[in-house]
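Trainee: How does the following fold in three dimensions:
(chains A and B)
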Amino acid sequence: MPHRLLKFAFSKEYPEPRMFNTPETLKPEYDVVIIGGGGHGLAAAYYLAKEHGITNVAVLEQGYIGGGGTGRNTSIIRSNYLTPEGARFYQTSVDLFQDLSRDLNLNLFYSERGHFTLAHSPASLRTQRWRAEVNQHLGISSRLVGPEFIKEQIPEIDLSCGGHQPPIHGALYHPPGAIARHDAVAWGYARGASQRGVEIHQKTAVTDIEIRDGAIAGVHTDKGFIKTKKVLSAVAGWTTHITRMVGLRTPLVIHPLQALVTEPVKPWLNAIVVSASLHVYVSQSSRGELVAGASLDPYELISMRSTLDFAEGLGGHMLELFPCLGEAKVLRQWAGLCDMTPDFSPIMGTTPIKGFYIDSGWGTWGFKATPVSGMTMASTLARDEDHELIRAFNLSRFEQFDLVGEKGAASVGH
Amino acid sequence: MKIIDCPVNGPRPLQEFHFGGEVRTMPDPARAADAEWADYVFHRSGEPAVKREWWYHVPSGVWFIAERDNRTDQFVRTYLYGEGPANE
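Mentor: Numbering: from 1, shown residues only, chains lettered A, B, ... in the order given. The predicted structure is shown next:
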C-alpha cells in the first residue's frame, strides 16, 4: 500500500480507476446472469471469472451494489457452528476471509477480535460447553472460559448485569472471530469481477424470468430482455420475489433484522460480545462506533423500516452489560431483510428448473459466508453440479426430510 | 405504537399479540404423498402479497385471522376463524 500511495502522489492522472465498470446498456445475451449485486452475487461473479474463465456475465442490481444485506449486517465473521456441514462451510469462509484483502488488493479492515458468546445460566453454560466440544472435534478453535477470563479480556463488562439479569457464568470463546469492512467486501469483489470483464448493472431491476421447457431462456428487466441459459438468484431478502417469477416453492419467510451504531468513541472494546439471553451482540468498528444488533423482528415483513421498540430494547440490554455506555448516543439504526429457513441453514445450489440456481436462506448468517458462497456457487454454475461443500444445503433437502438443523447459526433470536 | 384490531377486544397495542404464521390447510396425513406432506410441513408462500395469517391476543387467549400486507405491514381486516370470507 505505501508504495502505491507514493506512486500516486507523483501522478497527474486520477490515481485509481472507478471501483467497477458502469456500462450504459445491456448486451442481448450473457452466459450467466446474476440477480443481486450484494457480496454473494459479486463474489460469485468474481470466482466465475477468476476460477472458471466465464466472463460474459451480467450482475443486475435493482439498487446499488452492497445496498442490501451486505451493507446492513453487523459484519461479524466466525465459524463456531454445530453441524459438520455448517462448520466445514463457514471455516472455509473464514480461511478465505483471512487472505481476502491480499486477494482483492483492497484493505478490508479484517480484524480478529475474539468472539465471546456469554452464558447467563448453568443450562446455557452446558450448551456453550457442548458447542466448544463439537467445535474442537471439528477442528475449530473454540473453548469454554470462566468469568475471570472474560473480565480480564473485557474489563468494562458488568459480570452481574446490574443485578437486573442473571449474572454471567462463563462464555464460549472463539479466538478467530473477526469483523471486516462489509462495504469494502462488496466493492473488492465488484472491482475484481469488473477487471476480468464482468458487467455490473446497477439500478436494473428484474421484472420476470422466462422459462421454456423447464429451462431458463432469459430475463426480463426494466431495461429490456436478456437471453441467457443460466441465472443465479443471489438476492437474499428479496428471494421470494424471484422464486415467485419461476414458480418455485420454498420454505423461506422474510423477517427484518435491526441493528444500530453509536457515535464513534475511542477504542475500548476489542472483543465481539454476544449475549444469548439478553439478545445483544456488539463489537467496536475500526472507526470507533459500537455496532450492535438484537434478535429478528417477531413477524414476517418484507420492509426495511426500523422501530423505536428495537432501539429501546437493545439500549436497555447494552447498559446491563456495559454500564459505561450510559452517555453514548445512538447515531443511526436500520433494518435488513432475512430469508429465514426452518433449519437455520442456507438454501444453495441447483433447483428443479434447469439453469436456475439459488443462493438464499441467508437468515442472520449471510455476511460471514460471502467468500465461500461466491466460490461454491461459481463452481456450481460452471459445472452444473452442486459443489461438495453445499450439497447438504440443496433445496431438495426439505422434500427428502434431510434437514441440517444448525443450532449454532446465531446465538440470538432462535 | 402499532395497533392491531382484535375481533374480540378491539384495538390493542402490538405488544399484546403473537404472530402465528400463515393460514394453511392440512392435507390428510393418511393419504398425502411424501412430497405433498413435505410441502405442507416446510414450504410457505413467503412472497410479497396480502396474506391470511394467524394472530394471537395473549392477555385474552384469542386466536384470530388477520389479512395483512407483508410489504406495508398494513392490516386489511381481522376476524375470528369461521367468520371471515367463505374460503376458510
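
Trainee: correct me, but residue A:142 touches residue A:130?
Mentor: No - using C-beta atoms under 8 Å, residue A:142 is not in contact with residue A:130, being 11.1 Å away. C-beta here means a position set from N, CA and C on the backbone, and glycine is covered the same way.

Trainee: Identify the bridge partners of the nearest residue to residue A:307 once chain neighbours are set aside.
Mentor: Excluding the flanking residues, the one nearest residue A:307 by C-beta to C-beta, 6 or more residues apart in numbering or on different chains is residue A:258, at 7.0 Å. Beta-bridge pairing for residue A:258 (DSSP bridges): residue A:335.

Trainee: Look at residue A:258 and say how many residues are nearby.
Mentor: Residue A:258 has 24 neighbours, counted by other C-beta atoms under 10 Å in any protein chain shown.

Trainee: How about the one 3 residues further on?
Mentor: If you count neighbours by other C-beta under 10 Å, residue A:261 ends up with 19.

Trainee: do the same with residue A:165
Mentor: 16.

Trainee: Who are the contact partners of the nearest residue to it once chain neighbours are set aside?
Mentor: Excluding its sequence neighbours, the residue lying closest to residue A:165 (C-beta to C-beta, 6+ apart) is residue A:320, at 5.4 Å. For residue A:320, the contacting residues are A:158, A:161-162, A:164-165, A:278, by C-beta atoms under 8 Å, 6 or more residues apart in numbering or on different chains.

Trainee: Can you show me the CA trace of the host helix or strand of residue A:320 as PDB?
Mentor: Here residue A:320 sits within helix A:308-321, counting by DSSP states H and E. Output of helix A:308-321 as PDB, limited to C-alpha atoms (Å, rounded to 0.1, in the frame of the first residue of the first chain):
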ATOM      1  CA  LEU A 308     -38.300   2.600  18.500                       C
ATOM      2  CA  ASP A 309     -39.100  -0.600  20.300                       C
ATOM      3  CA  PHE A 310     -35.900  -2.100  19.000                       C
ATOM      4  CA  ALA A 311     -33.600   0.800  19.900                       C
ATOM      5  CA  GLU A 312     -35.100   1.000  23.400                       C
ATOM      6  CA  GLY A 313     -34.900  -2.800  24.000                       C
ATOM      7  CA  LEU A 314     -31.300  -3.100  22.700                       C
ATOM      8  CA  GLY A 315     -30.200   0.000  24.500                       C
ATOM      9  CA  GLY A 316     -31.500  -1.300  27.800                       C
ATOM     10  CA  HIS A 317     -29.700  -4.600  27.400                       C
ATOM     11  CA  MET A 318     -26.500  -3.000  26.300                       C
ATOM     12  CA  LEU A 319     -26.500  -1.000  29.500                       C
ATOM     13  CA  GLU A 320     -26.900  -4.100  31.600                       C
ATOM     14  CA  LEU A 321     -23.700  -5.500  30.000                       C
END
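
Trainee: How far does it sit from its chain's centre?
Mentor: 23 Å (C-alpha atoms, centre = their mean, to the nearest Å).

Trainee: List the buried residues of that helix.
Mentor: By neighbour count on 16 or more other C-beta atoms under 10 Å in any protein chain shown, the buried set for helix A:308-321 is A:310, A:313-315, A:317-321.

Trainee: and what of stretch A:381-388?
Mentor: Buried residues in stretch A:381-388 (16+ other C-beta under 10 Å): A:381-382, A:386-387.

Trainee: And the contacts of it?
Mentor: A:32, A:44, A:48, A:51-52, A:54, A:230, A:232, A:348-350, A:357, A:375-377, A:379-380, A:394.

Trainee: Also stretch B:3-15?
Mentor: With C-beta under 8 Å, 6+ apart as the test, stretch B:3-15 has contacts from A:309, B:1-2, B:16-17, B:55, B:57, B:59-60, B:62, B:64, B:66, B:75, B:78-80, B:83.

Trainee: what pLDDT, on average, does that stretch get?
Mentor: For stretch B:3-15, mean pLDDT rounds to 96.

Trainee: what's the spacing between residue A:383 and residue A:230?
Mentor: Residue A:383 is 11 Å from residue A:230, where distance means C-beta to C-beta, to the nearest Å.

Trainee: if I pick residue B:51, what's in contact with it?
Mentor: With C-beta under 8 Å, 6+ apart, residue B:51 has these contacts: A:300, B:22, B:45, B:67-70.

Trainee: Phi, psi for residue 9 please.
Mentor: Because you didn't say which chain, this covers chain A. phi -60, psi -30 (degrees, to the nearest 10).

Trainee: Tell me where the stretch 151-300 of chain A has strands.
Mentor: A:170-174, A:178-179, A:199-201, A:206-212, A:215-221, A:224-227, A:230-233, A:253-262, A:272-275, A:280-284, A:290-296 (DSSP state E, counting those that start in this stretch).

Trainee: Give me the nearest residue to the closest residue to chain B within the stretch 301-414 of chain A, chain neighbours excluded.
Mentor: Nearest residue of the stretch 301-414 of chain A to chain B, counting by C-beta to the nearest C-beta: residue A:398, 4.2 Å away. Take residue A:398 and drop its neighbours on the chain: the residue closest to it by C-beta to C-beta, 6+ apart is residue B:42, 4.2 Å away.

Trainee: so that neighbour makes contact with residue A:397?
Mentor: No - using C-beta under 8 Å, residue B:42 makes no contact with residue A:397, being 9.3 Å away.

Trainee: beta partners of residue A:280?
Mentor: Applying DSSP bridges, one finds that residue A:280 bridges with residue A:275.

Trainee: That one touches residue A:319, doesn't it?
Mentor: No - using C-beta under 8 Å, residue A:280 is not in contact with residue A:319, being 10.1 Å away.

Trainee: so what's the residue nearest the centre of chain B up against?
Mentor: Centroid-nearest residue in chain B, with C-alpha atoms, centre = their mean: residue B:53, separated by 1.5 Å. Neighbour list for residue B:53: A:300, B:19-23, B:65-68 [criterion: C-beta under 8 Å, 6+ apart].

Trainee: Quick one, grab the pLDDT at it.
Mentor: 96.
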